[in-house]
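What follows is a protein structure lacking sequence information:
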């Protein structure tokens, strides 16, 4: 199933309200904790998670929710479920650089069939509808302004988008950039946090995002749905299309392309 028009409006509202709560915390001093996997979590992650999960349960009471901030260990694998990252880019949130998002995806038969990504600081939203992807600004009431259908772009010279926070050593970062330039015949590199990278490819602002190392399914599912519906793909290094519902919800290295 895909959300109908009324449900899609409710999903936009849920993401906006989660983003609004995130910003309340973002604008004040806050603390962080480390989870078992050593990744950071703040009260903004947890507050957004409560808003999203409550909203999804109200609208779709029969669909299971898997979220980064939930205990997913006792859930039975189902063909259809929500995959949520209530605050993707917690490291960017902590750094206060604005590059964090709210991610909501619907998975069916191991594929992302719906995706929504909201950027609270800039009030920008990417989402899918009727097998297409769209971009829109959001007003202060959580309503879409002028929405634009987006598509990926093919380029003679590649524009790469890379993670901002995964390499802190300047020398290693410089070496990696040099390697990526040559590897992908690029003439430009953009760095960004969170799922914004996948949005950039879907929107045609970049066309390759290589991710070496482990990510979680909730990190990329919404962006994957948006990218697929805009004409792009995420493939593993052996050329297979990304699938969902893997053991422990972990992804291996991948390359997202237009």
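Perfect, I can see it now. None of these values were measured; they are calculated from a predicted model.

quick check: domain ranges of the protein?
5-150, 158-257 (automatic domain parsing).

Make a markdown table out of these and add mean neighbour count and mean pLDDT.
Just so you know, the C-beta spots here come from the backbone N, C-alpha and C atoms, and that holds for glycine as well. Shown next, in a markdown table, are those (neighbours: other C-beta atoms under 10 Å; pLDDT from 0 to 100):
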| stretch | mean neighbour count | mean pLDDT |
| --- | --- | --- |
| domain 5-150 | 18 | 95 |
| domain 158-257 | 19 | 89 |
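
Please identify the helix or strand for the closest residue to residue 17 other than its chain neighbours.
Leaving aside its sequence neighbours, residue 17 sits nearest to residue 51 (C-beta to C-beta, 6 or more residues apart in numbering; 5.4 Å). Element membership for residue 51 (DSSP states H and E) is helix 43-59.

Mind giving me the packing neighbours of that helix?
helix 5-26, strand 64-67, strand 80-88, strand 101-108 (3 or more C-beta pairs under 8 Å, 6 or more residues apart in numbering; DSSP states H and E).

Including distance to residue 214, could the ones you listed go into a markdown table?
What follows is the helices and strands packed on helix 43-59, written out as a markdown table (distance: least, C-beta to C-beta, whole Å):
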| stretch | distance to residue 214 |
| --- | --- |
| helix 5-26 | 25 |
| strand 64-67 | 17 |
| strand 80-88 | 15 |
| strand 101-108 | 17 |
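
right, so of the ones you listed, which gets closest to residue 238?
strand 101-108 (21.6 Å; C-beta to C-beta).

I figured residue 103 hits residue 82, correct?
No: Residue 103 lies out of contact with residue 82 (C-beta atoms under 8 Å); the separation is 10.6 Å.

So residue 11 versus residue 123, what's the distance?
Distance of residue 11 to residue 123, given as C-beta to C-beta, to the nearest Å: 16 Å.

How about residue 30?
According to C-beta to C-beta, residue 30 stands 21 Å off from residue 123.

What of residue 224?
Taking C-beta to C-beta, one finds residue 224 at 23 Å from residue 123.

need the contact list for the residue nearest the centre of the chain.
Nearest to the mean C-alpha position of the chain, by C-alpha atoms, centre = their mean, lies residue 195 at 3.5 Å. By C-beta atoms under 8 Å, 6 or more residues apart in numbering, the contact set of residue 195 is 85, 88, 89, 101, 103, 117, 219, 220, 222, 223.

for the residues you listed, which one is nearest residue 188?
residue 223 (20.3 Å).

so the closest one makes contact with residue 203?
No: in this structure residue 223 lies outside contact range of residue 203 using C-beta under 8 Å: 11.1 Å.

Please enumerate the helices of the stretch 51-200 of the chain.
Per DSSP state H, counting those that start in this stretch, the stretch 51-200 of the chain carries helices over the ranges 90-95, 170-183, 196-202.

Who are the packing partners of the shortest one?
The contact analysis (3+ C-beta pairs under 8 Å, 6+ apart) places helix 90-95 against strand 40-41.
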